[in-house]
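J.: give me a model of this one.
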Amino acid sequence: MTRQPDPAPDKLSGDGESPGGKIWHLAWPQLLMMFFHFWIGFFDVYVAGRIGEDVQAALGLITQTLLFFLIVAMALSNGAVSTISQSLGAGRTLRAKRYIGLCILLVLGAGILLLGSGLVFKEHLLALLQVPARIEDITTNYLLIYLLLTPVYYLFIVSNAVFRAQKQVHIPLLSMVLVTGLNTWADFGLCFGIYGLPELGYMGLAWATLISVSGGCLFNTIVLARRGWLRLAHFPPLRWIKRALPYLWRVAWPAGLMQILWHTGYLVLFAITASLPREEVVALAAFAAGIRMESLLFLPAVAFNMTASILVGHYLGSRDFAGARSIGLRTWGFGCLLISLLGAVLWLFVPDLAQLLSERTPVQAEIVNYLRFNILAIPFTGTTMILGGVFIGAGATRFNMFAIGGTVWLVRLPLAYVLGHVIFVSATGIWAAMLISQMVQATLMFLLFSYKDWYRFSMQSRKVQPQATGA
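T.: Below is the predicted model:
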């Protein structure tokens, strides 16, 4: 067993708040933010279901594709949280500001590059997705709008991470309230021609996403500028970048590779579902609807993931290694308990929720089937997500890459094909594979947290702090 760090008081310098208070102070705005995030997805699926199952299936495919597009932004947001929170925990404010400028420069460049690449290779992507012929036109039209959205979404994600790293979690909450309001208004208004808006049919869903995320991104940018975190003087010189970029890279590349493994895994899972011997469109529609409803439980796990990454980053910045371990364990225990209780409540209303998400009886039955398996997986999902946040705050993102990415490709996908296409010959086998893989992931993550010295990946432990002009 790896030697544990020496004991240290469970507190940050100058912070007399109890550990439970620290967790709740950061968690409740992010829980509320995830609640609004859920409603964005819910109304998208609800409106798509009112239009037709073809639209609902195409929306599910393209939503997973968008998540794949956002891999670089999510990797950089992990790097931003780790570097900025650790810098602030160490009292290095200028270093934090320069990391903010560096992350914004990188994310804008990457977003524009991905937009151009996506437009060039869009036909190859559609072929890879194994899109059924009956929904090919809808999916193609969605893809073009979502590609245009990519640079804006990149900046939106990273700017939210910047606020979280500063413990200013109320600002991403306000931003998400704005995005939810705009998206809901535009979903109904543009799809059905109400509120004085033109009737665009199914394309209204894509335009609603573009309008709402752009609004949230503009809000974040204005607040960053007004609070003095986005100034020309804070964009780092080349000499500083050469010293700072290696650590950001060490955090971001495993996070990015993990996201690639995770989201390509979901794309392959959608392809496995789309190629089922029978009822493949019903299964796709249920997958798209069920994953949005599942997010009612998955997104609170994301909230505790973000809370763990913020707190662990600040603790490690102040060199309180034992405190970082303690706060990570407390966040995991509290978060998993809350999410499991929510799952128990949701289990009682699964049939009613399925009726809200689709008007067709076969799709409703498959949504119920999907949700039963994935609600059972919630304690394991919570463990994976929350401990993953601990590793992000510490800069130990390679642990997430090995445990999560490895499980997806070595357990989930092979098992989904065997159970779905060979044994059950139905979507039930795919849902069962998802449950089993979550159990394996959670076990691996807990073993890594308990027996590996993940805190050694922090800047303070590695002594890789940039030393330019007080930064």
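
J.: ok, which stretches of the stretch 1-150 of the chain are helices?
T.: For the stretch 1-150 of the chain, the helices defined by DSSP state H, counting those that start in this stretch cover 19-51, 53-69, 71-89, 93-120, 122-128, 136-165.

J.: contacts for the fifth one, please.
T.: The one in question is helix 122-128. 65, 118, 136, 139-140, 143-144, 147, 267, 271 (C-beta atoms under 8 Å, 6 or more residues apart in numbering). C-beta coordinates here come from the backbone N, C-alpha and C atoms, glycine included.

J.: just the CA atoms of that helix, as PDB, please.
T.: The C-alpha trace of helix 122-128 is given here as PDB (Å, rounded to 0.1, in the frame of the first residue of the first chain):
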ATOM      1  CA  LYS A 122     -19.300  15.900 -41.700                       C
ATOM      2  CA  GLU A 123     -20.200  13.200 -44.200                       C
ATOM      3  CA  HIS A 124     -17.700  10.800 -42.700                       C
ATOM      4  CA  LEU A 125     -19.100  11.500 -39.200                       C
ATOM      5  CA  LEU A 126     -22.600  10.700 -40.300                       C
ATOM      6  CA  ALA A 127     -21.500   7.400 -41.800                       C
ATOM      7  CA  LEU A 128     -19.700   6.500 -38.600                       C
END
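
J.: ChimeraX command for the buried members of the contacts of helix 122-128?
T.: The buried residues among these can be selected in ChimeraX (16 or more other C-beta atoms under 10 Å) with this line:
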select :65,118,139,143,147,267
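
J.: which residue is the nearest non-sequential neighbour of residue 155?
T.: residue 217 (5.3 Å; C-beta to C-beta, 6 or more residues apart in numbering).

J.: after the one helix or strand that neighbour maps to, which helix or strand is next? Please name it.
T.: Taking DSSP states H and E as the definition, residue 217 sits inside helix 203-226. Counting by DSSP H and E, the next helix or strand C-terminal to helix 203-226 is helix 238-274.

J.: just checking, what packs against that next one?
T.: In terms of contacts (3 or more C-beta pairs under 8 Å, 6 or more residues apart in numbering; DSSP states H and E), helix 238-274 is packed against helix 53-69, helix 71-89, helix 93-120, helix 280-317, helix 397-400, helix 413-417, helix 427-451.

J.: sorry, back to before: could you pull up the residues touching the residue nearest to residue 155?
T.: Contacts of residue 217 by C-beta under 8 Å, 6+ apart are 152-153, 155-156, 159.

J.: what does residue 163 give?
T.: With C-beta under 8 Å, 6+ apart, residue 163 has these contacts: 169, 171-172, 220, 223-224.

J.: so what's it scoring on pLDDT?
T.: With respect to pLDDT, residue 163 has a value of 95.

J.: how close does it sit to residue 172?
T.: Using C-beta to C-beta, to the nearest Å, we find residue 163 at a distance of 5 Å from residue 172.

J.: and residue 261, by the same measure?
T.: For residue 261, the distance to residue 172 - C-beta to C-beta - is 26 Å.

J.: tally of neighbours for the residue lying closest to residue 210 once chain neighbours are set aside?
T.: Residue nearest to residue 210 in three dimensions, not counting chain neighbours: residue 149, with 5.0 Å by C-beta to C-beta, 6+ apart. For residue 149, the neighbour count with other C-beta atoms under 10 Å is 25.

J.: number of nearby residues for the residue lying closest to residue 280 once chain neighbours are set aside?
T.: Computed as C-beta to C-beta, 6+ apart, the closest residue to residue 280 that is not its neighbour in sequence is residue 274, at 5.4 Å. Residue crowding around residue 274 was assessed by other C-beta under 10 Å; the count is 20.

J.: let me see the contact set for residue 274.
T.: 61, 129-132, 280, 283-284.

J.: let's see that with 7 Å instead.
T.: Listed by C-beta atoms under 7 Å, 6 or more residues apart in numbering, the contact partners of residue 274 are 130, 132, 280, 284.

J.: tell me the most packed of those, by neighbour count.
T.: residue 284 (27 neighbours).

J.: which residues touch the nearest residue to that one once chain neighbours are set aside?
T.: Closest residue to residue 284 apart from its sequence neighbours, by C-beta to C-beta, 6+ apart: residue 57 at 4.2 Å. By C-beta under 7 Å, 6+ apart, the contact set of residue 57 is 135, 281, 284-285, 288.

J.: export the helices of the stretch 1-150 of the chain as CSV, with columns for distance to residue 455.
T.: Formatted as CSV, the helices of the stretch 1-150 of the chain follow (distance: least, C-beta to C-beta, whole Å):
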stretch, distance to residue 455
helix 19-51, 17
helix 53-69, 30
helix 71-89, 11
helix 93-120, 20
helix 122-128, 39
helix 136-165, 18
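
J.: please identify the most buried of the ones you listed.
T.: Mean neighbour count (mean count of other C-beta atoms under 10 Å) peaks for helix 71-89 among the helices of the stretch 1-150 of the chain, with a mean of 27.

J.: packing partners for that helix?
T.: For helix 71-89, the packing partners by 3 or more C-beta pairs under 7 Å, 6 or more residues apart in numbering; DSSP states H and E come out as helix 93-120, helix 136-165, helix 238-274, helix 280-317, helix 378-394.

J.: among those helices, which comes closest to residue 189?
T.: helix 136-165 (16.2 Å; C-beta to C-beta).

J.: and that closest one, how far out from the chain's middle?
T.: 13 Å (C-alpha atoms, centre = their mean, to the nearest Å).

J.: what's the helix or strand that comes right after that helix in contact with?
T.: Downstream of helix 136-165, the next assigned helix or strand under DSSP H and E is helix 170-192. Helix 170-192 is contacted from outside by 29, 32-33, 36-37, 39-40, 43-44, 47, 51, 160, 163-164, 194-195, 197-202, 204-205, 207-209, 211-213, 215-216, 219-220, 223, using C-beta under 7 Å, 6+ apart.

J.: how about stretch 22-42?
T.: Contacts for stretch 22-42 (C-beta under 7 Å, 6+ apart): 17, 167, 169-170, 172-173, 176-177, 179-180, 183, 292, 295-296, 299-300, 302-304, 306-307, 310-311, 327, 330-331, 334.

J.: weakest of the helices of the stretch 1-150 of the chain in terms of mean pLDDT?
T.: Taking the mean pLDDT of the helices of the stretch 1-150 of the chain, helix 122-128 comes last: a mean of 77.
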